[in-house]
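> Would you be able to build a 3D model of this:
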Amino acid sequence: MGIAPRPTAIVGCVDAEGRILIVKQIAGPFAGAWLLPGGSVEGNERLEDAARRELFEETGYRLDDLIPVAQYDVRSAPAGRFHFLVSLFRGGAVSGTPRPERGSDVSWAEPSTLDPNPNLALTLLDLGLIERDRAEILRELEESGVEMRRLS
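Next comes the predicted model:
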């Protein structure tokens, strides 16, 4: 019996120029990687509220519009180190001033110019921001010790 998945929410904010907002992870299994802002859902918090709160905590930005895109089962391979149930949202226009967390960084990046971590690559693919072979990304994830399965 594995560990229960921890609910998390991430948000892909795309600006008018088609750039994606990414943050440098400071903790957890993806520390050091550039990924979409997001994190754990607290208590009885709604997924959308968690996505908004994490976006603000990690970037200093706020947003109103969120559209559900996908849900993933993300776990360590072999199992046992981590297990997340990740809800991916697409965000509309953001407001505020960029303010990364201590030890992190925030960047607006052109998706086609990134050499993304396979975790980020899969979310960019599902957001319709890059064209890549899904099977190739899943192989790269597996090689990095991560299993990421889309549920919806």
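> From here on, just use CA atoms for contacts and neighbour counts.
Will do.
> Residue 22 and residue 135, how far apart?
To residue 135, residue 22 is 23 Å away according to C-alpha to C-alpha, to the nearest Å.
> neighbour count winner among the two?
Relative neighbour count places residue 22 above the other of residue 22 and residue 135, with 24 against 10, counting by other C-alpha atoms under 10 Å.
> Thought residue 110 was touching that one, still the case?
No: using C-alpha atoms under 8 Å, residue 22 makes no contact with residue 110, being 10.3 Å away.
> Show me what the one helix or strand residue 84 maps to is packed against.
Assigned by DSSP states H and E, residue 84 belongs to strand 83-91. For strand 83-91, the packing partners by 3 or more C-alpha pairs under 8 Å, 6 or more residues apart in numbering; DSSP states H and E come out as strand 6-13, strand 66-76.
> let's go with 10 Å and repeat that
Packing contacts for strand 83-91, counted by 3 or more C-alpha pairs under 10 Å, 6 or more residues apart in numbering; DSSP states H and E, involve strand 6-13, strand 38-40, helix 47-59, strand 66-76, helix 118-126, strand 146-150.
> For the next helix-or-strand element following it, buried residues please.
In the C-terminal direction, the helix or strand that comes right after strand 83-91 (DSSP H and E) is strand 94-96. The neighbour-count check on strand 94-96 (16 or more other C-alpha atoms under 10 Å) flags residue 94 as buried.
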